[in-house]
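>>> 3D, please:
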Amino acid sequence: MERAKMVRAGFMNPQRIILMVIVIVMVVIGYLQMHYFAPGGGSINKSEVERLKEHIDGLERRNEELQEMHETLKKEVQVTQTNHLQVNNGDDKQTAETLQKENLNLEARLIDLEKALQDRTRELQVAQDAAKNGNVQGPMDREEKNPHKYPFLDPNVNTTVATRYDSLMLLAHSFNRYGAVRNKDKFQLAPDFMPIVIRVYNKHEYFRYVLENYKKSTNINQTMIVVSHDGLFPEMFKLVESIDFCQVKQLIHPYSGHILTNRFPGPDAIMPEGNDQYNNHRPWPHVALKHHFWWHMNYVWDDMFKGHNGDMIFMEEDHVPTWDFYLTAKALAKIRDKDCGDKCWNAKLHQHGHSGGHDVHSAYINYDTGNVGLIIDRPRWEMLRRAGHEFCVFDDYNWDWTIGHLEARGLLPHLSVTPSVPRAEHVGKCGTHAGSNVCEISAEEKKHFEETNRDLISKNGGDWREYKYDPNPQGANAGDHKGWGGWGHPWDHIHCMNQILVKDEEADGGKTKAQTNPKT
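The predicted model follows:
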């Protein structure tokens, strides 16, 4: 027994693990070099011809998709122009101005799409010429000579020619597919468990404190935490590996701009013009937020937990849960279904800016989806997935504001159930919308969370057998909005739609016709 422990300890030595990872990377790179970067002369062998034909087929399919999007936008422009003329002949000047602005936005998107179509057509012509003339100087060689001037290749399309820069992406796919669920031998999932899915970047100080609070939560040992990483940051992986209070599974966003830095969607990708509605250039760190959210939603629902029909809880690395958040989440899901029904798309653990009182067993409904502790089940996820086209083309890099737009458009129910006393809170003052780069939790914040937990424990906050429910929506119904921008580039739209794993024929009139996600 002792010898077995020593063997296991030696195997799990960090240096040995790093060495194993390096060997795997070298093997993968060697495979890619052997199969994709073998030096060629003036002729192409049979396997190279087949790969080139596959590449051309992929380009042709993508051309068809772009042309469909182009025709759809042209029709939308025509409709808005007609409406504008009709209204302009009347007395409603404000409506006429609104329609004129909408028309200009559509025309700008149309121009961007035409540019993307031209770029793809040129790339297709190069590939066809290479196949015709027996010239090996195809996209593989262009990539090798100048990796920073590589044409657009959506990394989610199976026909994309792999390069040495994609080795981490391929490893991420394998990691997601075959990575073990930690602590599976120590804890058993409850029959009605709610997976807790946490998106993380690199706020390790916040995440450390957040995990400390998860460990104190009631019934946390009956569920699984899934951590989705946007980037490869060792400190974040170490923190996840320290979890010893429940089952845990790690995912890596394989198309993260923090991994694919030299190409789309990363910061060094050379892309045609594609500004947003405010004429701003593409802000890739902000764009990454929406890409990560959409990828991980599709992956956990339609791949990892495709047999799970109940609810999931969606959190972030700086969302601090209370002692009874898990019990409250399960109670809120039942209240949502029983008391709000089809009028509510989700429940959530916190509503910024609104308060329903101080009763720990009271819930109310409001208009705002929010982004802290989102709780939805499979039917509600399928509603969002069916609205995937509008989610992917709406010019706003914020996923939560985009969902608000879908609600305002009637594509999702527009109400949400919230506890009067929040069961999770956003911590800290650093991040995308904050003015500080110092990601540390203050003593005042820690004191506040400790006092909140003491109050909830004293009032048995997790026991929701009796509760109060206010059916009157609180807060203002903000209605639709034109978006905060940052999401105007057609490449982001296309890649976003490519993440949809399940293709509903009726979804948006069949607009979501993208390639499916590769398994590895």
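>>> what about E444, how many neighbours?
Neighbour count of E444, defined by other C-beta atoms under 10 Å: 8. C-beta here means a position set from N, CA and C on the backbone, and glycine is covered the same way.
>>> That one: which element?
helix 443-458 (DSSP states H and E).
>>> immediately after that helix, which helix or strand?
In N-to-C order, the element after helix 443-458 by DSSP H and E is strand 468-474.
>>> Excluding sequence neighbours, find me the nearest residue to V360.
Nearest non-adjacent residue to V360, counting by C-beta to C-beta, 6 or more residues apart in numbering: G461, 4.3 Å away.
>>> tell me the phi and psi of the one you found?
Backbone geometry at G461, expressed as degrees, to the nearest 10, gives phi -60, psi -20.
>>> tell me which residues of the helix holding E444 are tucked away?
445, 449, 452-453, 456 (16 or more other C-beta atoms under 10 Å).
>>> Need the residues that contact that helix.
Here helix 443-458 makes contact (C-beta atoms under 8 Å, 6 or more residues apart in numbering) with 209, 213, 216, 320, 322-324, 360, 421, 425, 427-428, 461-462.
>>> Put the alpha carbons of that helix into PDB.
Only the C-alpha atoms of helix 443-458 are listed here, as PDB (Å, rounded to 0.1, in the frame of the first residue of the first chain):
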ATOM      1  CA  ALA A 443     -11.500  43.900   4.200                       C
ATOM      2  CA  GLU A 444     -14.800  45.800   4.000                       C
ATOM      3  CA  GLU A 445     -16.100  43.400   1.300                       C
ATOM      4  CA  LYS A 446     -15.100  40.300   3.300                       C
ATOM      5  CA  LYS A 447     -16.800  41.700   6.400                       C
ATOM      6  CA  HIS A 448     -20.000  42.300   4.400                       C
ATOM      7  CA  PHE A 449     -20.100  38.800   3.100                       C
ATOM      8  CA  GLU A 450     -19.400  37.300   6.600                       C
ATOM      9  CA  GLU A 451     -22.300  39.400   8.100                       C
ATOM     10  CA  THR A 452     -24.600  38.400   5.200                       C
ATOM     11  CA  ASN A 453     -23.900  34.700   5.800                       C
ATOM     12  CA  ARG A 454     -24.300  35.000   9.600                       C
ATOM     13  CA  ASP A 455     -27.700  36.600   9.000                       C
ATOM     14  CA  LEU A 456     -28.800  33.900   6.600                       C
ATOM     15  CA  ILE A 457     -27.700  31.100   8.900                       C
ATOM     16  CA  SER A 458     -29.500  32.600  11.900                       C
END
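>>> Show me where the stretch 201-350 of the chain dips below the pLDDT cut-off.
Along the stretch 201-350 of the chain, the model assigns pLDDT under 70 to no residue.
>>> can you give me the strands in it?
With strands called from DSSP state E, counting those that start in this stretch, the stretch 201-350 of the chain shows them at 224-229, 247-252, 311-316, 319-321, 344-348.
>>> Which SSE is immediately downstream of the last one?
Following the chain from strand 344-348 toward its C-terminal end, the next helix or strand by DSSP H and E is strand 362-366.
>>> partners of that following strand in the sheet?
strand 415-419 (antiparallel), strand 468-474 (parallel) (DSSP bridges).
>>> so what's Y278 closest to, chain neighbours aside?
Y278 sits nearest to G485 (C-beta to C-beta, 6+ apart), 4.6 Å away.
>>> Look at the one you found and report its pLDDT.
Per-residue pLDDT puts G485 at 91.
>>> Relative to Q277, how far out is it?
6 Å (C-beta to C-beta, to the nearest Å).
>>> OK, contacts around K216?
Here K216 is in contact with 323, 453 (criterion: C-beta under 8 Å, 6+ apart).
>>> Ends of stretch 359-368, what's the gap?
End-to-end distance for stretch 359-368: 21 Å, by C-alpha to C-alpha, to the nearest Å.
>>> for that stretch, what is the average pLDDT?
Rounded mean pLDDT across stretch 359-368 is 90.
>>> where are the low-confidence patches of the stretch 1-150 of the chain?
1-63, 65-66, 70, 73, 77, 80-81, 83-150.
>>> With respect to K75, which of the strands of the stretch 201-350 of the chain lies nearest?
K75 lies closest to strand 344-348 among these, at 28.8 Å (C-beta to C-beta).
>>> That closest one pairs with which strands, parallel or anti?
Counting by DSSP bridges, strand 344-348 is paired with strand 374-377 (antiparallel), strand 415-419 (parallel).
>>> list the buried ones in it?
344-348.
>>> can those go into JSON lines with extra columns for distance to Q499?
Output for the buried residues of strand 344-348, formatted as JSON lines (distance: C-beta to C-beta, whole Å):
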{"residue": "C344", "distance to Q499": "26"}
{"residue": "W345", "distance to Q499": "20"}
{"residue": "N346", "distance to Q499": "20"}
{"residue": "A347", "distance to Q499": "25"}
{"residue": "K348", "distance to Q499": "23"}
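>>> Which of those sits closest to F237?
Checking the buried residues of strand 344-348 one by one against F237 (C-beta to C-beta), the nearest turns out to be K348, at 28.1 Å.
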